[in-house]
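>>> got a structure for you, letters missing:
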């Protein structure tokens with residue numbers, strides 16, 4: 001099987017993780033054999049609301065520390081930027097240049113959760129910015145990568161927006177998709193086949209099964225479930241959007257890692273018991 005992406009996207013609303021929690025997260029992913037961490041917390045103002053502004057020097061030092069920690073544990077650090085409503089290629093590249101200066105090679109552009117028309121014009125604007133950044137990154141480093149979270153990131157509706165993205169976005173750029181809904185109760189082979197046809201490529205699953213930012217702090221306590229055993233085979237990979245509570249997220253992620261290692265032999269109840277024993281200190 002070709003290289004598959006397996007890991008976590010910190011893409012929730014509410015209080016982001018601390019640096020200490022992220023360092024622990026990277027250790028945890030490494031121990032589970034997972035390979036990717038995407039930084040994109042909605043409440044980081046410099047990621048979204050003030051996306052044009054450079055990070056303060058203290059925050060850049062934290063990113064540099066996180067990057068070193070990831071490299072030592074063979075986990076790819078992906079920095080995500082959310083240019084929201086008025087994406088400007090020059091401003092995006094200017095911001096990403098500051099992140100590339102500390103050594104980050106992997107990026108994503110998020111256009112999720114914004115109120116825009118799902119039109120050809122919207123897609124054209126977003127795709128042109130994505131392509132401009134992709135060209136810039138490839139000029140910096142041959143192994144640089146870029147992924148894209150579209151505004152229409154769920155479902156199967158064949159809008160003008162999705163048609164343009166499918167026909168014009170470079171196939172070297174992965175596209176995020178959450179499933180039939182924002183929080184998909186299941187992801188089947190049929191679901192994956194439908195979205196693969198619509199976007200003319202395998203998608204990168206942004207899995208919100210464990211997200212709790214819309215549940216007012218409710219702690220989830222169940223294993224990874226109702227995903228096709230062939231989900232890795234048929235997609236570019238799976239990234240889990242965890243709960244705001246990092247410690248309580250550990251057993252959930254542990255079960256997902258068990259599924260991704262051995263989908264055919266996976267048993268949710270058994271995985272949950274093992275995760276509960278392996279992740280002490282969770283509430």
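Arrived safely, thanks for sending. Source: prediction; values computed, not measured.
>>> Below-threshold pLDDT in the chain: ranges please.
Along the chain, the model assigns pLDDT under 70 to residues 1-2, 280-283.
>>> how about the helices in it?
Secondary structure of the chain, counting by DSSP state H: helices at 19-31, 57-72, 89-100, 120-140, 160-168, 189-199, 231-234, 246-261, 268-278.
>>> Can you say which of the ones you listed is nearest to residue 5?
Closest of these to residue 5 is helix 231-234, at 9.1 Å (criterion: Cβ to Cβ). Bear in mind the C-beta positions are built from the backbone N, C-alpha and C, glycine included.
>>> Remind me what that closest one packs against, helices and strands.
If contacts are counted by 3 or more Cβ pairs under 8 Å, 6 or more residues apart in numbering; DSSP states H and E, helix 231-234 sits against helix 189-199.
>>> Tell me which of the helices of the chain lies nearest to residue 218.
The nearest among the helices of the chain, by Cβ to Cβ, is helix 246-261 at 10.3 Å.
>>> State the number of residues packed around residue 155.
The local packing of residue 155 (other Cβ atoms under 10 Å) involves 18 other residues.
>>> for residue 159, same thing?
Residues contacting residue 159 under the criterion other Cβ under 10 Å number 18.
>>> residue contacts, residue 26?
By Cβ atoms under 8 Å, 6 or more residues apart in numbering, the residues touching residue 26 are 37, 66, 69-70, 73, 75.
>>> switch the cut-off to 7 Å
For residue 26, the contact set (Cβ atoms under 7 Å, 6 or more residues apart in numbering) comprises 37, 69-70, 73, 75.
>>> Distance to residue 238 for those - can I get that in JSON lines?
Output for the contacts of residue 26, formatted as JSON lines (distance: Cβ to Cβ, whole Å):
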{"residue": "37", "distance to residue 238": "13"}
{"residue": "69", "distance to residue 238": "22"}
{"residue": "70", "distance to residue 238": "18"}
{"residue": "73", "distance to residue 238": "19"}
{"residue": "75", "distance to residue 238": "15"}
